[in-house]
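Asks: build the 3D model from these lines:
(3 chains)
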Amino acid sequence: MKKWYNVVAILMATVIVLGIFAIGCAKTAPPQPGGPITINIGEPVALSGSAAPWGQIPTPFREAWFEVFNREGFQVGGKTYNIKLIQVDDQNTPEGGAAAAKQLVFGDKVRFIAGHWTWNFSAVAAVTNPAKVIFVTRTGAPDQLPASWGGLYDPKTMPYVVFGTPSQEEFTADCFALIKAYPNYKRLGLMDSVQSGVDSAGWRALKKELDAAGIRYHNEWFAVGTSDFTPYITRFAEAGCNLVFVAGWVGEFMLFSKQRWEMGYKDMKVGCSGPFVDINIYKAVCGPDAAQGLIGAYYDNSQFKETKVNPKYIAQCQEALRIAAEKTGKPYTYTGEIAWLPSHVLILVQAMQKAGTVDDTDAIMKAIRGGTFDTTIGKWTMSGEKTYGSAVVFGSPAPLCTIQGDKEVYLSEYPTKPLP
Amino acid sequence: MPPAEIWIDGLVQSCIYMTMAFGMVLVFSILGILNWAHGQFYMLGAFVVYYAITAAGIPFPISLLISGVVVGGLGMLVEKFVIERLTSPGYGMLYVTVATLALMFFFEGAAGMAFGLMDKGLSTVLPGVLDLGSFSVSYQKIAVIIFTLVIMISMYIVLNRTKVGLAIRAAAQEPVAASLYGISVGRVSLIVMGIGCALAAMAGGIMAPVYTTNPFMGRIPMIMSLLAIIIGGLGSLTGAIVGGIILGFLNSVIAYHLSYVSEFVLFLLVIIILLVRPQGLFGAPLK
Amino acid sequence: MPYFDYKTLIPRTVIGVLIALFVIIPVFTTNVITISIFISSGIWAIAVMGFVLILRTGQFSMGQAAFMALGAYTSAILTIKLGMPFWPSFLLAGIVSGIIALIIGLVVLRVGGIYFSIITLAFGEVVRIFAQQMEGITRGARGLIPPMPPTIVLGGFEINFAAGPVPYYYFMILLVAITAVVFWRIDRSRMGGTFSSMAANQILAEHQGIHLMKYRVIAFTIAGVFTGFAGAYYANFLSIITPLMFGLWQSIQIMMMSIVGGISSIVGGALIGATILYTLGIYLSRLPIFNIQYLLFGAAVVLVLLFLPKGTGLVDLWGKFWHKVFREPEEYEMPEESEMAVE
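Replies: All right, here's what the predicted structure looks like:
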C-alpha cells in the first residue's frame, strides 16, 4: 500500500514538472507568409476579473476589424504592412498589468501597445517607456494628470505615451451630455468605487468643471465588492438625485439599477460610464422593466449626429460588425470597441506614414504630438500641451445611448473640447 | 436613525449570513474544521438553481430543493474522499485547512470554466415589489426572509426532535462517548457535511435572483459567515444565528452612515472581539 | 569498505551541484521571463520559511503576506516620499516589519490555536484595507512605483539594475542564502528543538518549563523580519506595490507552498514548494482557457496532499530516494516509518 502511494506521488511530481516544461516550451512561431510585413501590436486587456465582460465581449469584433483592415494593410516607404494583435490578460490589476507588459515587451517583442483601457497605467508605463515601446492608452485612471495635480504622468520620464482616448475628459463630457438630454434633472448623482481613489485628482478635476457650469451634484463612494447598494440608493434619494451616473464595473451597475427600481425609485435614471455589454444580460439581471431607460456609452459611428466620421471607416466598422455576427452566430451589437483599438491603431498607422518610418520610435512620437488624425470616431487634433505637458491627448464625441425595448438608441453627444 | 428600508435590508443580509454561518458551525462542531470552501457551495447552489430554472424550466422552490440535494451530495463526496483522509491521526490541522483552501480555488475555476465569467441574472423569478408606503421591498427579498425562517425551524426540529439530530448533537459534544453508544461518528460526519453544504447551496439559490450569479460570488459570503461565527462564538449554533443577525444589521447601518469604511470597521471589530473575548458571545470559554 | 561516509556525502554533493547550477543559470539563459520566475520563487521561498518557522511552534499564521506588504510599503514609501536610497530602506523595511510582528505577537499569541489563525487572517485583511484607504500615503488601489536601486560600481564592474533581471537574481540568491542559513541554524539549535517540542505537545512542554509565549513571539518576530525583507525586495523587483498583491490569496499560497514542499525541512521544503507552485501558477496563467489556472492549481494541491504519505511533502521524497538507492539487500524495510530528510 505504502509503495503504491510513493509511486503515484513520484509519477505525479514528474508529470507536473514535465507538463510545466512542455507548456513553457510550446511557443509556436507563426510561419511568415510572403507578402505584407507583419507588425505586432500588443494589448494588455482584462480577460479575467471583474472587468472581464468588457475585455472578452469585443474579441470577435477586434478580430473581424483586423481582418478587414489587413485586406488592404497600410503602406509606409513603399512597403506594405499588416498588423497582428497579441493580447495578454492583465487581470485588471496593476501587478497583472506589469506582468502583461513585461510579457509583451520582452517575450513577444512588440513595439506598440494599444487599445489599453484598464486602470493600471503606471505599471504598464513603467515597463514600456524604458524599452521605447509606444503605449497608447487612455486618460482617466486618475494617475495620469500632470505632476502638479499629484498624478504620475510625466512627459519627461514617459516620452512614449499617447492618450488615444480621453476617458477623463470624456467622463466630464458624458455628464454634460446627460444634462443635455435631461435638462430638467434635479441633481446629478455620481458614484464610483474606492478603487479609483476617493476624491482623487481626476475627481477633483471633474467637479471643478461641473461647478464652473453650475451643475448640481452629489458624490458617493462604495467599497470594492459591494453588491448591496441599498444604503447608497437611499443616500442619493435623500440628496434629491434623480439622475445617477455610476462609474463602476458591469455587475455593480446592474445591481444598482435593479435595486433602485425595486426600492421604488422608478424615476431615478441611471447611467453607466461605459458601453452596454449585451442588453440581454441587463434585462436578465435587472428585469426587463428596470432595464428600460438605462443610459450608457455608445459608439456606433454611423449614428453620430454632431461628429463627422470618414465614410471609409464607417464602412469598415459595419463590415467588421457583420463578420463578428457571422462568427458568433447571433446578432452582435457591442459597438464600444470602435472607439478604442481601431482608433488607436489608425492613429499609429497615420503617424508612421507621416514620419515615413515604422522603426524610428522617436520620429513616430514626434509625428503624433500635436498631429491631426482621422479615425473611427472622427477627426481630432492631439492637444493637452498645457494640461498634460505634452500634446498627446486625442478627442472623443462622448456619445450616449439609452435602452429602449431590445435596442440601444442614440441619446445625445457632447464632443470633448480640445485641452489647453 | 436610518430609514426603514435600511433596517429591512439589514434583515435580509442577516438571514443569509445566519444560514451560511449555521452550516459552517454545524460542520465545525462535528468535523473540527473550518470548511473554507463553504462559500463555493453557496456559489454552486446558485448556479444549480440558475440552470434548473433557465435551462429546464423547473419552478423555483423545487429548484431550491434540487440544489440542496445536489450540492449536499457533492459536499458528502468531498468529505468522504478528501476531508476524511486528511483528518485521520498523523496529519496536522494544516493539511485539511490547505486542502479546503485549494478546493475553494478548484471550485471557482471549475465554475468559471463551466459556466463562464459573465454575470447571470434571474430577475424573472418572483418579480414585483411589495409597496410599503415610502419605500418598497421586492418579493425576492421577502422570499429570503421566509426561506430563512423555514430553514431555522426545520433545523430546530431535525436537531432536537429526530434521532439523527440526537446523534449529531451527541457526536458534537462527546465523540468518544457517542461511538460507545453505537453512533458511527464517520456516518454522522458525512450527514452533517451534507446538511451544511445543502444549507449553503440553498442560501445561494435563494439569493440568486436578488444579486447576480457569477463564479466569484462565494467569496464575500464565506468571509461574512466566518465573521458571524467569530462574533457568535466558534462551535455554537445559537452563536451563529445571533452573530449573523448582528453582522447583517451592522453591515447595512454602517454602510449607510459611513459608506465605504464599513469593510474596515467590520474587520477591526472582529479583531477586537478575538482579542478581548475570543470565544465570542456564546462559545465555550477557553481554559 | 568505503573510506568515507558515502551515504551522506553523495546526496550533499548532488545538492551542491544543483546549487552551483542555479547560481550560474544566467549564463545559460538570458530569457527575462525565466529568470524572473526564479527570482519570484526565491522570494516566496523566504516567506514560506517564515511560515514554517511559526508552524514549528505550533501556530498557523494565515496572514504572512501582510508582513510582505508591510515591508514592501515601508520600503516604497521611504524611497518615494523621503528619497531614501533603496538599500537602507530595505533594511528598515525588515526592521519595521519585525517590530510590528513583535507587537502583534505579544498581543495575539497568548490566544493561540485557531483564534490566532483567524486573527492573523483578519490582520492580513486589515493591512490590505488600510493600504487601500490611506490614499494620501499609499495611493490606494492604484499602488506605488518604487524606483530601482542605483547602479553599483565595484571597481570596473558595474551592476546595473535597470538593464535586466540578472542583478536582481544574484541579490535574490544572496538573500535566500542568508535567510536559509539563519533558519537552518535556528532549526538545528537548541531553540529549534524547543520549538519542535512545543508543537508536539504544548502542555508537556509547559510542564517542562518552556515559556511558551516567549518562544512563539521569537519565532513570529524572526519570521516577520525576513518576510518583510522578502516583500520589500519583491516590490522593488516588480517595480510596483498594490494592496492586492499581498492579500489573502497570497497568504493561502504561502501555506500551500509550505505543505507541498514539506514542513519537515524548513529550507528544502520551502524552496521546492515555492518553486514548483509558483512556476505552475505562472504557466497555468498562460493557458488561453480562462480559469483553468484556478482549477488545476487547486486540483494539483489537493492531489499532492492526498497522495503523499502522511505528514510529508515533496522534500521527503528526496530522503526516500537516497534510502532506496543505498539500501543494503539484507536491511529489513520498516513499513510505516517516515524517514527524516537527508539534509
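
Asks: all strands for the stretch 51-200 of chain A, in order.
Replies: In the stretch 51-200 of chain A, the strands defined using DSSP state E, counting those that start in this stretch lie at A:74-76, A:79-89, A:112-113, A:134-139, A:161-166, A:188-193.

Asks: next, format the ones you listed as TSV and append distance to chain B.
Replies: The way it works is simple: take the backbone N, C-alpha and C, and place the C-beta from them, glycine included. Formatted as TSV, the strands of the stretch 51-200 of chain A follow (distance: least, Cβ to the nearest Cβ, whole Å):
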stretch	distance to chain B
strand A:74-76	35
strand A:79-89	12
strand A:112-113	24
strand A:134-139	23
strand A:161-166	24
strand A:188-193	8
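
Asks: of those, which is nearest C:Q202?
Replies: Nearest to C:Q202 among the strands of the stretch 51-200 of chain A is strand A:188-193 (44.7 Å), distances taken as Cβ to Cβ.

Asks: next secondary structure after that closest one?
Replies: Remark: after strand A:188-193, the chain's next helix or strand is helix A:201-212, criterion DSSP states H and E.

Asks: now stretch B:88-102 - C-alpha only, PDB.
Replies: In PDB, the C-alpha atoms belonging to stretch B:88-102 read as follows (Å, rounded to 0.1, in the frame of the first residue of the first chain):
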ATOM      1  CA  SER B  88      -7.000  10.800  10.300                       C
ATOM      2  CA  PRO B  89      -4.500  10.900  13.100                       C
ATOM      3  CA  GLY B  90      -1.000  11.700  12.000                       C
ATOM      4  CA  TYR B  91      -2.000  14.700   9.800                       C
ATOM      5  CA  GLY B  92      -1.900  18.100  11.400                       C
ATOM      6  CA  MET B  93      -4.700  20.600  11.100                       C
ATOM      7  CA  LEU B  94      -2.600  22.300   8.400                       C
ATOM      8  CA  TYR B  95      -3.300  19.700   5.800                       C
ATOM      9  CA  VAL B  96      -7.100  19.700   5.800                       C
ATOM     10  CA  THR B  97      -7.100  23.500   6.000                       C
ATOM     11  CA  VAL B  98      -4.900  23.800   3.000                       C
ATOM     12  CA  ALA B  99      -7.000  21.200   1.200                       C
ATOM     13  CA  THR B 100     -10.200  23.100   1.700                       C
ATOM     14  CA  LEU B 101      -8.500  26.300   0.600                       C
ATOM     15  CA  ALA B 102      -7.200  24.500  -2.500                       C
END
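
Asks: buried set for it?
Replies: For stretch B:88-102, burial by neighbour count (16 or more other Cβ atoms under 10 Å in any protein chain shown) applies to B:G92, B:M93, B:L94, B:Y95, B:V96, B:T97, B:V98, B:A99, B:T100, B:L101, B:A102.

Asks: thought B:A99 was touching B:I83?
Replies: Yes: B:A99 lies in contact with B:I83 (Cβ atoms under 8 Å); the separation is 7.3 Å.

Asks: please tell me how far the closest residue to C:N236 other than its chain neighbours sits from C:I178.
Replies: Excluding the flanking residues, the one nearest C:N236 by Cβ to Cβ, 6 or more residues apart in numbering or on different chains is C:P146, at 5.2 Å. Note on C:P146: its distance to C:I178, by Cβ to Cβ, to the nearest Å, is 21 Å.

Asks: sorry, back to before: which of the buried residues of stretch B:88-102 fall in helices?
Replies: Within these, residues falling in helices by DSSP state H are B:M93, B:L94, B:Y95, B:V96, B:T97, B:V98, B:A99, B:T100, B:L101, B:A102.

Asks: nearest to B:A46 among these?
Replies: Of all these, B:T100 has the smallest distance to B:A46: 19.6 Å, by Cβ to Cβ.

Asks: pLDDT at B:A201, what is it?
Replies: Note on B:A201: pLDDT of 95.

Asks: mind listing what's buried in the longest helix along chain C?
Replies: Looking across chain C with DSSP H, the single longest helix is helix C:212-238. Using 16+ other Cβ under 10 Å as the test for burial, helix C:212-238 gives C:212, C:215-238.

Asks: for stretch A:326-343, same thing?
Replies: Buried-residue list, stretch A:326-343, by 16+ other Cβ under 10 Å: A:Y332, A:T333, A:Y334, A:T335, A:G336, A:E337, A:I338, A:A339, A:W340, A:L341, A:P342, A:S343.

Asks: can you tell if it touches chain B?
Replies: No: Stretch A:326-343 stays clear of chain B (Cβ under 8 Å from any Cβ of the partner chain), getting no nearer than 12.5 Å.

Asks: just the CA trace of that stretch, in PDB.
Replies: Extracted in PDB, the C-alpha atoms of stretch A:326-343 (Å, rounded to 0.1, in the frame of the first residue of the first chain):
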ATOM      1  CA  GLU A 326     -21.500  35.800 -38.500                       C
ATOM      2  CA  LYS A 327     -18.700  34.300 -36.400                       C
ATOM      3  CA  THR A 328     -20.700  34.200 -33.200                       C
ATOM      4  CA  GLY A 329     -23.800  33.100 -34.900                       C
ATOM      5  CA  LYS A 330     -26.000  35.700 -33.200                       C
ATOM      6  CA  PRO A 331     -26.600  39.400 -33.600                       C
ATOM      7  CA  TYR A 332     -23.600  41.300 -32.400                       C
ATOM      8  CA  THR A 333     -24.400  44.700 -31.000                       C
ATOM      9  CA  TYR A 334     -21.400  45.700 -29.000                       C
ATOM     10  CA  THR A 335     -20.000  48.900 -30.500                       C
ATOM     11  CA  GLY A 336     -17.800  50.100 -27.700                       C
ATOM     12  CA  GLU A 337     -14.600  48.800 -29.200                       C
ATOM     13  CA  ILE A 338     -14.900  51.100 -32.200                       C
ATOM     14  CA  ALA A 339     -13.600  54.000 -30.100                       C
ATOM     15  CA  TRP A 340     -10.600  52.000 -28.700                       C
ATOM     16  CA  LEU A 341      -8.300  49.700 -30.500                       C
ATOM     17  CA  PRO A 342      -9.200  50.500 -34.100                       C
ATOM     18  CA  SER A 343      -9.000  54.200 -33.400                       C
END
